[in-house]
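Colleague: From the sequence below, what's the structure:
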Amino acid sequence: MDTATLQTQTRLILRQKITMMINRYVVHIAEPDGSDGPVVAFAEQKRLTLKEQVTLYTDESRGEALAAFKARKVIDLASGYDVVDASGVPIGLFRKDFGKSLLRSTWHLQQPGLPTMTGQERNPLVAILRRFTDSLSWLPYHFDFSVGASIAFSVERRWGLRDTYAIDINDPRLDRRLVIAMAVALDALQAR
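Modeller: Coordinates of the predicted model:
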């Protein structure tokens, strides 16, 4: 799918495929009935790497890059992640806010030309339970990324045997590649 068509999508589904040493993510367009439509992105994240880097591809063949994100520093979890397009041109960045709240995770996402969006777990009780009880890490969570009271997009982890996320995009100006990178990072980096 070309970038212009991807940019028109307002609902995506991200599914994680777990393997021994690599997390794999497949992103689909959400059909009106909620089922998986065509694949729009595929990513792999190697576990236990010192400097996090994830490339998003247009499909599982990994023949064409869509975007990528990379940690700015080694082992500095609060430093941030730059997101670039397939040519290496910056399209945004995100970072986890470790100082804002130890109880609810908070992320900040920036796209040139738009105000900074703040993403925070919607349900503080679920956030606390997940944070302090490892056995409850499977609980679904919901992040709303907003500017003030306006929700730009949200990522909701659903119940299920494997991690599945519904991504709803309300702001048509948001680069979908940046949103997909943030959704993958929520799964890959949230527990760090």
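
Colleague: which helix is the longest one in the protein?
Modeller: Longest helix in the chain by number of residues, with DSSP state H as the criterion: helix 176-189.

Colleague: Work out the gap between that helix and the centre of the chain.
Modeller: A distance of 2 Å separates the centroid of the chain from that of helix 176-189, by CA atoms, centre = their mean, to the nearest Å.

Colleague: Where does L6 fall, secondary structure wise?
Modeller: Using DSSP states H and E, L6 sits in helix 3-7.

Colleague: and the helix or strand following that helix, which strands flank it?
Modeller: Later in the chain than helix 3-7, the nearest helix or strand by DSSP H and E is strand 11-18. Strand 11-18 sits in its sheet next to strand 22-30 (antiparallel), strand 164-169 (antiparallel), going by DSSP bridges.

Colleague: CSV please, covering those strands and showing mean pLDDT and distance to H142.
Modeller: (Glycine included, C-beta is placed from N, CA and C.) Below are the strands paired with strand 11-18 laid out as CSV (pLDDT from 0 to 100; distance: least, CB to CB, whole Å):
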stretch, mean pLDDT, distance to H142
strand 22-30, 93, 16
strand 164-169, 96, 9
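
Colleague: can you put the ones you listed in JSON lines and add mean neighbour count?
Modeller: Compiled in JSON lines, the strands paired with strand 11-18 are given as follows (neighbours: other CB atoms under 10 Å):
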{"stretch": "strand 22-30", "mean neighbour count": "18"}
{"stretch": "strand 164-169", "mean neighbour count": "20"}
